[in-house]
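Trainee: here are the coordinates; sequence isn't available:
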């Protein structure tokens with residue numbers, strides 16, 4: 001079965017696993033998925049992630065979810081730019097999500113960055129997802 005939106009699938013897996021109180025969730029590997037997981041780890045939304053290699057050179061990412069006081073750290077995670085509607089922004093028009101409490105994950109020419117680092121580097125790009 002082909003997948004039209006692999007990043008949206010990964011975000012849905014994380015959301016569903018956190019709602020079901022799982023400790024880890026496994027997703028297909030890609031460099032974009034790994035970069036998004038790295039941003040989520042750096043911003044404190046997940047504990048970490050590991051890349052696992054299986055037979056016939058298939059890789060997966062195992063994401064360790066984070067909980068605080070019995071609640072998931074990620075309250076909301078949603079895809080912004082979809083394959084059918086790409087959302088690009090310049091640095092001056094970049095929106096703030098929950099008044100800066102949430103983050104936007106932005107794909108820039110300098111890599112995948114959270115919105116506050118993209119503003120500091122003065123670069124815009126495609127808004128991949130928002131996390132609160």
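Mentor: Sure thing, it's come through. Computed from a prediction, not measured in an experiment: that's the story for all the values here.

Trainee: any idea how far residue 51 lies from residue 102?
Mentor: 27 Å (CB to CB, to the nearest Å). Just so you know, the C-beta spots here come from the backbone N, C-alpha and C atoms, and that holds for glycine as well.

Trainee: no no, residue 71
Mentor: 16 Å.

Trainee: So these two - more neighbours on which side?
Mentor: residue 102 (18 against 10; other CB atoms under 10 Å).

Trainee: what distance separates stretch 107-123 from the centre of its chain?
Mentor: The chain centre lies 14 Å from the centre of stretch 107-123; the measure is CA atoms, centre = their mean, to the nearest Å.

Trainee: Mind listing what's buried along that stretch?
Mentor: Within stretch 107-123, the residues that qualify as buried are 107, 112-115, 117-119, 123, counting by 16 or more other CB atoms under 10 Å.

Trainee: Have a look at this protein and report its longest helix.
Mentor: helix 6-19 (DSSP state H).

Trainee: For it, what does the pLDDT average out to?
Mentor: Helix 6-19 shows a mean pLDDT of 97 in the predicted model.

Trainee: cool, and stretch 32-49?
Mentor: 98.

Trainee: I would like the residues contacting the one helix or strand residue 48 maps to, please.
Mentor: Here residue 48, judged by DSSP states H and E, is contained in strand 46-53. The contact list for strand 46-53 (CB atoms under 8 Å, 6 or more residues apart in numbering) reads 14, 26, 29, 34, 37-38, 40-41, 59-66, 73-74.

Trainee: Perfect, that will be all.
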